[in-house]
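[1] below are the sequence and a predicted model for it; my questions follow.
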Amino acid sequence: MANAVALAEELIGAGARVLVARGGIADALKAADLDGIPLVNISITAYDVLRAVAEAKKKAPRVCIMAFESMIEGLDEILLLIGEDTSVVTLREGTKIPEAMAKCWEDGEVCFVGGLLLLRDSQIRDYPSVLIRLGKEAVSIAT
């Protein structure tokens, strides 16, 4: 997350007056308190997760959603709709994403669903993955 904070500081230096982020990156920027610059936090909606899981199910027999707690609030309720072949790993500051992915992969082929950090790590390891993209619902309720 240090890279996200460094990038935010660079953007502020270049004149940014508002920052927009989601998930773990939004959490890191909020904790950094960047010179009082307002932060718009875009939450992930159940619709965003459902769309990503549907795409992931086309790539592998099982799905593992890996995301920071702030990205997946309320996910427990929609897991009933997603099915038994889907698991959730909650990431926290300091979680080693590659090791968490390897542990999920031990049980068989899986498509990972999550944010940019997960997507980057899955591509390095050649694991199938799907980025949770923001839909119009998430943007309309951004705070």
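    Received it, and whenever you're ready, just let me know what you need.
[2] from here on, contacts and neighbour counts on C-alpha atoms
    Will do.
[3] name the helices or strands packed onto the helix or strand where residue 81 lies?
    Under the criterion of DSSP states H and E, residue 81 resides in helix 75-82. In terms of contacts (3 or more C-alpha pairs under 8 Å, 6 or more residues apart in numbering; DSSP states H and E), helix 75-82 is packed against helix 46-56.
[4] pLDDT weak spots in the protein?
    1-2, 70-74, 143 (pLDDT under 70).
[5] now do the helices in it.
    Ranges of helices in the chain, per DSSP state H, are 2-13, 23-32, 46-56, 75-82, 97-105, 116-124, 136-140.
[6] any idea which of those gets closest to residue 90?
    helix 97-105 (9.9 Å; C-alpha to C-alpha).
[7] give me the helices and strands touching the closest one, please.
    Taking 3+ C-alpha pairs under 8 Å, 6+ apart as the contact cut, helix 97-105 packs with helix 116-124.
[8] same thing but at 6 Å, please
    The helices and strands touching helix 97-105, judged by 3 or more C-alpha pairs under 6 Å, 6 or more residues apart in numbering; DSSP states H and E, number zero.
[9] list the buried residues of it.
    97, 101, 104, 105 (16 or more other C-alpha atoms under 10 Å).
[10] for stretch 112-120, same thing?
    112, 113, 114, 115, 116, 117, 118, 119.
[11] just give me how far that stretch sits from the chain centre.
    Relative to its chain's centre, stretch 112-120 lies at 6 Å (C-alpha atoms, centre = their mean, to the nearest Å).
[12] over to stretch 57-74?
    On C-alpha atoms, centre = their mean, the centre of stretch 57-74 falls 9 Å from the chain's centre.
[13] what sits up against that stretch?
    23-24, 44, 85-92, 110-114 (C-alpha atoms under 6 Å, 6 or more residues apart in numbering).
[14] out of those residues, which is most surrounded?
    Neighbour counts for the contacts of stretch 57-74 peak at residue 112, which has 32 neighbours (criterion: other C-alpha atoms under 10 Å).
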